[in-house]
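In: Please work out how this folds:
(chains A, B, C and D)
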Number of protein chains: 2
Amino acid sequence: MIEERTGSGETGPDEGAAERAARVVMIVLRLFRALERVDTDLTPQQYRILKLAGAGGERSARLAERLAVAKPTLTATADALVAAGYARRETEPGDRRVVRLCLTDAGHSALARADAVYGQWLDELLAETSDPDQVLHALDVLNQAMDVRRARRSVAAAGPA
Amino acid sequence: MIEERTGSGETGPDEGAAERAARVVMIVLRLFRALERVDTDLTPQQYRILKLAGAGGERSARLAERLAVAKPTLTATADALVAAGYARRETEPGDRRVVRLCLTDAGHSALARADAVYGQWLDELLAETSDPDQVLHALDVLNQAMDVRRARRSVAAAGPA
DNA sequence: TATTGTTATACTCTATAACTATA
DNA sequence: TATAGTTATAGAGTATAACAATA
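Out: Numbers count the residues shown, from 1 in each chain, chains lettered A, B, ... in the order given. Next up is the predicted model:
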């Protein structure tokens, strides 16, 4: 699908795809940079970890998987969050190797504050668009597409055993 | 606009806005992380700088402004690109303080390769969506909204002189 | 042995403050 | 003096390899 061979003599797998992707990549990078500059007390990555951990004290391995980062990466950022008082580590009673990351009250407060600031940022950005709902819907669609790919990948990882 | 006071007794500036923003932020961070894991020879930031510099040897101050980073940040990443052979620095004849960052042939090749890989990544992602064109359009709309805000900001910075 | 998480180490991106060279 | 860019230094996020503790 999406063949679009325009006969321009190009060697790449699909010419239009590369240009379209370049545009999309630049936009995502720009959005990320904009988020980095929003003044919450949390870095985007700290926000992301707290948000995922907040949805129920997750064990470290599972968190790292959902964040798509290596285990030592999670350890490092969790260290910072624990030091800042936003999270604490709890040991699993049944299996003492397992560690769960849980939010403290301060962590919940920090998340709420960040959400409020992000909310204002997004409102101001969407105010410059003609159809905010369409934009939001498109992002949800992209998110679902990533869900599908993640699910497929974890099946592939578990299947060929 | 977007008042939506639901009378739930919340204290924040706008309750729905925070939840909606949280979703959007998580999606943008997830997209960025996915991009980081795409195997090009460039980091996303290196890609971004090369892409902007490639559109005509830009002077450093202007590049930093478009990237929304501090000047030393640009210097550091440019160092890495020059060391890798992807870019070179050229001095302005008229004003010897000014430095322009230009792509080498290797730099153009690296960009083309990255674009091809990103192209495949995006194609696979969009293949999981029902309406790819709508998604692409929404991203363009967001980009235009950021353009508007940037233009307004630079006017504000220059105006109150 | 296998698994969970951490330590050791290194590289990139980011920033602020101080500096050099040029205007 | 003012401006363009760099150097010095520091903090956060990322990774791989090696490790300790537990199963």
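In: tell me which parts of chain A are close to DNA strand C?
Out: Within chain A, the positions lying close to DNA strand C (Cβ under 7 Å from any atom of the strand) are A:33, A:36-37, A:59-61, A:71-72, A:74-76, A:78-79, A:89, A:95, A:97-100. Heads up, the C-betas are built off the backbone N, CA and C, glycines and all.
In: now, which of those lie within strands?
Out: With strands identified by DSSP state E, the entries of these that belong to them are A:Arg59, A:Arg89, A:Val99, A:Arg100.
In: Please name the residues that touch the second one.
Out: What it means is A:Arg89. Neighbour list for A:Arg89: A:Ala78, A:Val82, A:Val99, A:Arg100, A:Leu101, A:Cys102 [criterion: Cβ atoms under 8 Å, 6 or more residues apart in numbering or on different chains].
In: mind giving me CSV with the residues you listed and columns for pLDDT?
Out: Putting the contacts of A:Arg89 into CSV (pLDDT from 0 to 100) gives the following:
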residue, pLDDT
A:Ala78, 96
A:Val82, 96
A:Val99, 96
A:Arg100, 95
A:Leu101, 96
A:Cys102, 95
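In: Is there contact, residue-wise, from the helix ranked longest in chain A to DNA strand D?
Out: Among all segments of chain A classified by DSSP state H, the helix with the greatest residue count is helix A:132-158. No. Legend: contact between helix A:132-158 and DNA strand D by Cβ under 7 Å from any atom of the strand is lacking; minimum distance shown is 14.6 Å.
In: need the residues of chain A near DNA strand D, please.
Out: When proximity is defined by Cβ under 7 Å from any atom of the strand, chain A lies next to DNA strand D at A:43, A:45-46, A:67-73, A:76-77, A:80, A:94-97.
In: Using ChimeraX, define a selection of the buried residues within the residues of chain A next to DNA strand C.
Out: For the buried members of the residues of chain A next to DNA strand C, the matching ChimeraX selection, counting by 16 or more other Cβ atoms under 10 Å in any protein chain shown, is:
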select /A:33,59,60,74,78,99,100
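In: And A:Cys102, its phi and psi?
Out: Comment: the main-chain dihedrals of A:Cys102 come out as phi -120, psi 150, following degrees, to the nearest 10.
In: Might you report the residue contacts of the nearest residue to it once chain neighbours are set aside?
Out: Excluding its sequence neighbours, the residue lying closest to A:Cys102 (Cβ to Cβ, 6 or more residues apart in numbering or on different chains) is A:Gly57, at 4.0 Å. For A:Gly57, the contacting residues are A:Glu90, A:Arg100, A:Leu101, A:Cys102, A:Leu103, by Cβ under 8 Å, 6+ apart.
In: For the second one, give me its contacts.
Out: Taking Cβ under 8 Å, 6+ apart, we find A:Arg100 in contact with A:Gly57, A:Glu58, A:Arg59, A:Ser60, A:Arg89, A:Glu90, A:Thr91, A:Glu92.
In: any chance of those in TSV, with distance to B:Asp140 and pLDDT too?
Out: As requested, these are arranged in TSV below (distance: Cβ to Cβ, whole Å; pLDDT from 0 to 100):
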residue	distance to B:Asp140	pLDDT
A:Gly57	40	82
A:Glu58	36	87
A:Arg59	40	93
A:Ser60	39	95
A:Arg89	43	95
A:Glu90	45	94
A:Thr91	49	93
A:Glu92	47	92
